[in-house]
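Participant: okay, predicted coordinates and the sequence, questions at the end:
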Amino acid sequence: MPRPRKRRRVCCLPESKRFGPVRGQESLDDYITMTVDEYETIRLIDLNDFTQKECSEQMNVARTTVQSIYNDARKKLADSLINGRIIVIEGGDYKLCEGGKKQCGRGCRRRRLEEDLLIEE
């Protein structure tokens, strides 16, 4: 019996869950499903300039797991860009960070959103 998959820690769900070309006809073949944990690796590594090791610590999984997740996410992004397919972000084995005092680190988007709200008030 395989060991159960470890849930990946994710700071926030994406604000938009669909990305892709704008056109009239859409078929089921035009959709690619990207999991929330794949989205999180792209956000941390490509947007926030984390190393795979830093990303693994943030998400509370092994570095090799992050490498695998990241490679899958990049293939899906390339497929979307090259073949004009729509990406839908949903599903995956993840848990949201709690925010507040139990923030998950410098890449925590939830902490940044909470700080922005405090500044506005």
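Facilitator: Noted; the coordinates are in hand.
Participant: CA atoms for contacts and neighbours, from now on please.
Facilitator: Fine.
Participant: may I see the buried residues of the helix or strand hosting Lys75?
Facilitator: Under the criterion of DSSP states H and E, Lys75 resides in helix 63-83. Neighbour-count burial for helix 63-83, counted by 16 or more other CA atoms under 10 Å, picks out Arg63, Val66, Gln67, Ile69, Tyr70, Ala73, Arg74, Lys76, Leu77, Ser80.
Participant: tabulate those residues (a markdown table), appending pLDDT and distance to Glu15.
Facilitator: Putting the buried residues of helix 63-83 into a markdown table (pLDDT from 0 to 100; distance: CA to CA, whole Å) gives the following:
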| residue | pLDDT | distance to Glu15 |
| --- | --- | --- |
| Arg63 | 95 | 26 |
| Val66 | 95 | 22 |
| Gln67 | 97 | 24 |
| Ile69 | 95 | 21 |
| Tyr70 | 97 | 20 |
| Ala73 | 97 | 18 |
| Arg74 | 97 | 20 |
| Lys76 | 96 | 19 |
| Leu77 | 95 | 18 |
| Ser80 | 91 | 19 |
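Participant: for those residues, give me CSV that also has distance to Ser16.
Facilitator: Shown next, in CSV, are these (distance: CA to CA, whole Å):
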residue, distance to Ser16
Arg63, 27
Val66, 23
Gln67, 24
Ile69, 20
Tyr70, 20
Ala73, 16
Arg74, 18
Lys76, 17
Leu77, 15
Ser80, 16
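Participant: what helix or strand is the residue nearest to Ala73 when sequence neighbours are not counted located in?
Facilitator: Among residues not flanking Ala73 along the chain, Glu38 sits closest, at 5.2 Å (CA to CA, 6 or more residues apart in numbering). Glu38 belongs to helix 36-42 when assigned by DSSP H and E.
Participant: coming back round to it: residues contacting the residue nearest to Ala73?
Facilitator: By CA atoms under 8 Å, 6 or more residues apart in numbering, the contact set of Glu38 is Ile69, Tyr70, Asp72, Ala73.
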